[in-house]
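In: Coordinates only, no sequence provided:
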């Protein structure tokens, strides 16, 4: 069954597809959305989905919000696009026929400095966890409301806008951006850089960096998952949202001597997480 658009009685336009097994109802509501957010002007997004109708639906919606959108059907097509016209953010469907969507996500993270939002029709929490493990900035589970997707995209773009390019980070003065030192680490918010005890730079994803900054701003304080999600993702946690747990696990593997027995970021049962070492300004 092809993607069919219909007008629901007294409601917005809906979309459904065989790929979503009759479960997806994507609300477009283009006419009532607010004016395009200032970040969206001329920014280039890539929508990766093997179904042309879904690419068209998402692409048209995002273009109506002021984005420039490229629509591609495969990982190979995305690779060619990124070589000739890199996207600022990629919306990647994991369920591409004959391709490993997670491998594509991992390649994006390794090769390109861009936002990555995974879109998956698989409701299993493990897919979301693995998506975050490979470095996605966020994930959206089908079925979803298009306005929620837009909010997620804008949140990722805000974080990207706040981050200087590698060249700018190297050459620009720090100004008022804080530098924190704890347990032999140096966290430079201006350069968006973490140096380890031996002076080696530790590679962090955007989400991991924002998470560590949140801890550095509140050392010795138990931070709830809701607090951390709001301060790093700009949204509230759902009842089964494991975003923060996954990111803390990834961060521990990069900064703890023994991630199974963490001494830097500790868990507080039923409450959240705490950065244990004393933090001093740089």
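Out: Now that the structure is in, tell me what you want to look at. Everything numeric in this text was worked out from a predicted model, so none of it was measured.
In: so where is the stretch 151-282 of the chain shaky, pLDDT-wise?
Out: Residue ranges of the stretch 151-282 of the chain with pLDDT under 70: 162-176, 233-241, 282.
In: if you go through it in chain order, where are the strands?
Out: 179-182, 185-188, 193-195, 201-202, 265-268, 272-275, 280-281 (DSSP state E, counting those that start in this stretch).
In: Show me what the fifth one is packed up against.
Out: The helices and strands touching strand 265-268, judged by 3 or more Cβ pairs under 8 Å, 6 or more residues apart in numbering; DSSP states H and E, are helix 243-255, strand 272-275. Bear in mind the C-beta positions are built from the backbone N, C-alpha and C, glycine included.
In: in stretch 263-272, what's buried?
Out: Across stretch 263-272, burial judged by 16 or more other Cβ atoms under 10 Å covers 264, 265, 272.
In: Is there a neighbour count for residue 260? I'd like the number.
Out: Per other Cβ atoms under 10 Å, the neighbour tally for residue 260 reads 7.
In: any chance you could map the helices in the stretch 1-150 of the chain?
Out: 52-64, 75-84, 101-111, 125-133, 146-162 (DSSP state H, counting those that start in this stretch).
In: Where among these is average confidence lowest?
Out: The minimum mean pLDDT among these belongs to helix 125-133 (a mean of 72).
In: Could you pull out the buried residues of stretch 70-85?
Out: Under 16+ other Cβ under 10 Å, the buried positions of stretch 70-85 are 70, 71, 72, 73, 74, 75, 78, 81, 82.
In: The chain - how does it break down into domains?
Out: The chain breaks down by automatic domain parsing into domains covering 4-162, 166-281.
In: sorry, back to before: with residue 153 as the reference, name the closest of the strands of the stretch 151-282 of the chain.
Out: Of all the strands of the stretch 151-282 of the chain, it is strand 193-195 that lies closest to residue 153, at 25.9 Å by Cβ to Cβ.
In: The closest one pairs with which strands, parallel or anti?
Out: strand 185-188 (antiparallel), strand 201-202 (antiparallel) (DSSP bridges).
In: chain center to it, what's the gap?
Out: Strand 193-195 has its C-alpha centroid displaced from the chain centroid by 20 Å (Cα atoms, centre = their mean, to the nearest Å).
In: Tell me the buried residues in that strand?
Out: Applying 16+ other Cβ under 10 Å to strand 193-195 flags 193, 194, 195 as buried.
In: What are the contacting residues of that strand?
Out: Contact with strand 193-195 is made by 169, 185, 186, 187, 188, 201, 202, 204, 209, 212, 255, as judged by Cβ atoms under 8 Å, 6 or more residues apart in numbering.
In: so the fourth one makes contact with residue 179?
Out: Think residue 187. Yes. The criterion here is Cβ atoms under 8 Å, and residue 187 meets it with residue 179 at 6.9 Å.
In: Looking at these two, which one has more neighbours?
Out: Ranked by neighbour count (other Cβ under 10 Å), residue 187 and residue 179 place residue 187 first, with 24 against 17.
In: The more buried one bridge partners, please.
Out: residue 180, residue 194.
In: Just list the residues touching it, thanks.
Out: Counted by Cβ under 8 Å, 6+ apart, residue 187 has contacts 179, 180, 181, 193, 194, 212, 213, 216.
In: what's the neighbour count on the second one?
Out: I take that to be residue 180. So residue 180, with other Cβ under 10 Å, has 21 neighbours.
In: Would you agree it is in contact with residue 216?
Out: Yes. Using Cβ under 8 Å, residue 180 is in contact with residue 216, at 4.1 Å.
In: Mind listing the shared neighbours of those two?
Out: Residues touching both residue 180 and residue 216 by Cβ under 8 Å, 6+ apart: 187, 279.
In: ok so, going back, from the buried residues of stretch 263-272, which is closest to residue 148?
Out: The nearest one, if we look at the buried residues of stretch 263-272 relative to residue 148 and count by Cβ to Cβ, is residue 272, at 24.8 Å.
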